[in-house]
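>>> I'll drop the sequence and a predicted model, then ask my questions.
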Amino acid sequence: MTGPGPSVVRDASLPSAVTIYEVGPRDGLQNESTIVPLDAKVEFITRLIDAGLPIVEATSFVHPRWVPQLADAADLVARLPLTGPVPLPVLVPNERGLDRALEAGCSHVAIFGSATETFAQKNLNATLESQLTMFEPVVTRALEADVDVRAYVSMCFGDPWEGPVAVEQVVAVGARLLELGATQLSLGDTIGVGTAAHVGILIDAFGAAGIGVDRLAMHFHDTYGQALTNAYAALRHGITTFDASAGGLGGCPYAESATGNLATEDLVWMLSGLGIEHGVDLDALVATSVWMAGVLGRESPSAVVRARG
């Protein structure tokens, strides 16, 4: 069902516009045990583009043994409008992943680092320091090929093995990734333990290190129901790029306590109520998430999808 939108009350202290970086087709689907057919993935991305999402992360050129859901990455990319107006980034874990992305004609890639030693070992088979050595040629070669590079940092607010993560450690890793040449840094609350004040402290710490909000994005998970609250806190600190996943799909295959990403619909509803431009057609997005929930055979965890779907 559809219905009226939220009551709009504009707060002039907040950003006037926000970019939503849609991660549903990659981060959202990667943790699904049921393999989604290629045709459905193509339709999912097409529908997200048609709903007005300005960036849609399509897939990952990761080894199929690591993430079987994304084994069809090359076939998927071959069917996407890579030269269209909506960037379709792909995740590349290493140089081999970059080779495949370049062969496929991709012009936007992302690398995925860790703020903690343990997760670097479990996710990348690397140390906190050696992950940066691994990423350096990936970023260098991508930039030489005129390919934009985004960097993710996971476990920015807490790690299931190490516990709380020092803000200074997150800033140090993030700064190094930007120094390599990444144009944007996405700060991930991979297990969803972040809280609003912590969000503000982390953003301020990056600012104190000379890294402004224009180079940062936030990537929240809703494990403890805090994703939307944390997004609002980030807005208050000037963040204008937010990762979100249609229908709240997602998790992390290497962190069992990580549940769904911030639902794109829930973020859109909040932004609309704040009078912040985002360019997304909520009804079309909800219809897309209802459709994908049908493909997956389960209900969407998004509150807005449940209310309007």
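Here it is on my side, so go on.

>>> quick one: low-confidence parts of the protein?
Residues of the chain meeting the criterion pLDDT under 70: 1-2, 251-259.

>>> repeat that for 50
252-255, 257-258 (pLDDT under 50).

>>> what is the spatially most central residue of it paired to in the beta sheet?
Closest residue to the average C-alpha location of the chain: Asp243 at 4.1 Å, with Cα atoms, centre = their mean. Going by DSSP bridges, Asp243 is paired in beta bridges with Tyr21, His219.

>>> for it, list the residues it contacts.
By Cβ atoms under 8 Å, 6 or more residues apart in numbering, the residues touching Asp243 are 21, 23, 27, 186, 188, 217-220, 261-262. The C-beta positions use only the backbone N, C-alpha and C, and glycine is treated the same way.

>>> most widely separated two among these?
Across these, the longest distance by Cβ to Cβ is 13.7 Å; it joins Asp27 and Met218.

>>> pick out whichever of the two has more residues nearby.
Neighbour count, other Cβ atoms under 10 Å: between Asp27 and Met218, Met218 has more, with 29 against 26.

>>> please name the nearest non-neighbouring residue to the more buried one.
Leaving aside its chain neighbours, Met218 sits nearest to Ala234 (4.6 Å; criterion: Cβ to Cβ, 6 or more residues apart in numbering).

>>> strands of the chain, start to end?
19-22, 55-56, 59-60, 90-91, 108-114, 148-154, 184-189, 216-220, 241-244 (DSSP state E).

>>> which of the ones you listed sits closest to Ala287?
Once the strands of the chain are compared by Cβ to Cβ, strand 19-22 is nearest, at 15.1 Å.

>>> look up the closest residue to Ser186, ignoring the ones flanking it.
Nearest one to Ser186, counting by Cβ to Cβ, 6+ apart, is Ala217 at 4.2 Å.

>>> wait, that neighbour sits on Ile239?
Yes - counting by Cβ atoms under 8 Å, Ile239 is a contact partner of Ala217 at 7.2 Å.

>>> burial check on Arg96, number of neighbours?
When neighbours are counted by other Cβ under 10 Å, Arg96 registers 13.

>>> how close does it get to Ile191?
As judged by Cβ to Cβ, to the nearest Å, Arg96 and Ile191 stand 28 Å apart.

>>> burial of Val90, as a residue count?
Val90: 28 neighbours (other Cβ under 10 Å).

>>> just list whatever residues bridge to it.
Thr59, Val109.

>>> if we can go back for a sec, closest to Gly163 out of the contacts of Asp243?
Distance to Gly163, by Cβ to Cβ, is smallest for Gly188 among the contacts of Asp243, at 16.5 Å.

>>> for that closest one, which residues make a bridge with it?
Applying DSSP bridges to Gly188 gives these bridge partners: His219.

>>> how near is it to Arg308?
From Gly188 to Arg308 the distance is 28 Å (Cβ to Cβ).

>>> between those two, who's got more neighbours?
Counted by other Cβ under 10 Å, Gly188 and Arg308 do not tie: Gly188 has more neighbours, with 28 against 20.

>>> tell me the contacts of the residue lying closest to His198 once chain neighbours are set aside?
On the basis of Cβ to Cβ, 6+ apart, the spatially nearest residue to His198 that is not a chain neighbour turns out to be Phe157, at 5.9 Å. Counting by Cβ under 8 Å, 6+ apart, Phe157 touches 165, 189, 191, 193-194, 198-199, 202.

>>> run the last query once more with 6 Å
If you count contacts by Cβ atoms under 6 Å, 6 or more residues apart in numbering, Phe157 has them with 189, 193-194, 198.

>>> in a markdown table: these, plus distance to Gly5 and neighbour count.
Below are those laid out as a markdown table (distance: Cβ to Cβ, whole Å; neighbours: other Cβ atoms under 10 Å):
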| residue | distance to Gly5 | neighbour count |
| --- | --- | --- |
| Asp189 | 27 | 29 |
| Val193 | 31 | 21 |
| Gly194 | 28 | 27 |
| His198 | 31 | 19 |
